[in-house]
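In: sequence and predicted structure below; questions after.
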Amino acid sequence: MDLQKFLTEAGILVIGGVVTVSAAYYLIKDDIKTYFRLKFSDQKNEKDSPLLSLRLQAHERLIVFVERINPSNLFIRLHHQGISLPELQAAVLNEIRSEYQHNITQQLYVSSSTWDVVKNLKEDTIAMVNNGVKNLPQDATGVDLSRKVLQHMAGIENNPYDLTLDLIKKDIHQLF
């Protein structure tokens, strides 16, 4: 009789344990599935992360920056009829510095080598404009400065603006 009572109590305990485990599983199974789904999707889908979006936007903004400080675009945008040499020089330098300051935080999201190239391109553009002014007579006009800088650009074998754009694009492709 003791054996039968023992088996009955053991059976009740086993059944109770199975019921408890089953109930617990059904209560938390959605949480377990959600946990594993999020864990594996974070590892597989880093492309959907907010950081990737910010990095892509930074690269896009740097492409716009490079295009905006390219002398062929810069002089067209800032030149107007009768502009003097000092006025055009000041406008160009102000535009370059303003564009740079507007995009300075993008260095957080691009490689340091890419940022260094962009920063050097900005400095080289400023130097090119200032050197163009130094080599012109005092009575020169804004048109003369534009012509001088654009002629200098035409004489460069590898356009630094195109090379910088290529580097930014390569940096983007490394993200994928």
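Out: That came through fine.
In: how about the helices in this structure?
Out: 2-44, 50-69, 71-78, 85-103, 112-134, 142-154, 160-173 (DSSP state H).
In: could I get those helices as CSV with mean pLDDT?
Out: CSV is the format used below for these (pLDDT from 0 to 100):
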stretch, mean pLDDT
helix 2-44, 71
helix 50-69, 93
helix 71-78, 94
helix 85-103, 96
helix 112-134, 96
helix 142-154, 94
helix 160-173, 94
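In: mind giving me JSON lines with these and columns for mean neighbour count?
Out: In short, each C-beta sits where N, CA and C put it, glycine included. Below are the helices of the chain laid out as JSON lines (neighbours: other Cβ atoms under 10 Å):
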{"stretch": "helix 2-44", "mean neighbour count": "10"}
{"stretch": "helix 50-69", "mean neighbour count": "16"}
{"stretch": "helix 71-78", "mean neighbour count": "16"}
{"stretch": "helix 85-103", "mean neighbour count": "16"}
{"stretch": "helix 112-134", "mean neighbour count": "16"}
{"stretch": "helix 142-154", "mean neighbour count": "17"}
{"stretch": "helix 160-173", "mean neighbour count": "16"}
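In: wait, isn't Ile63 in contact with Leu165?
Out: Yes - using Cβ atoms under 8 Å, Ile63 makes contact with Leu165 at a distance of 6.2 Å.
In: contacts only, for the nearest residue to Val110 once chain neighbours are set aside.
Out: Nearest non-adjacent residue to Val110, counting by Cβ to Cβ, 6 or more residues apart in numbering: Ala58, 5.5 Å away. Ala58 makes contacts with 106, 108-110, as judged by Cβ atoms under 8 Å, 6 or more residues apart in numbering.
In: how close does Glu67 get to Lys33?
Out: Separation of Glu67 from Lys33 (Cβ to Cβ, to the nearest Å): 48 Å.
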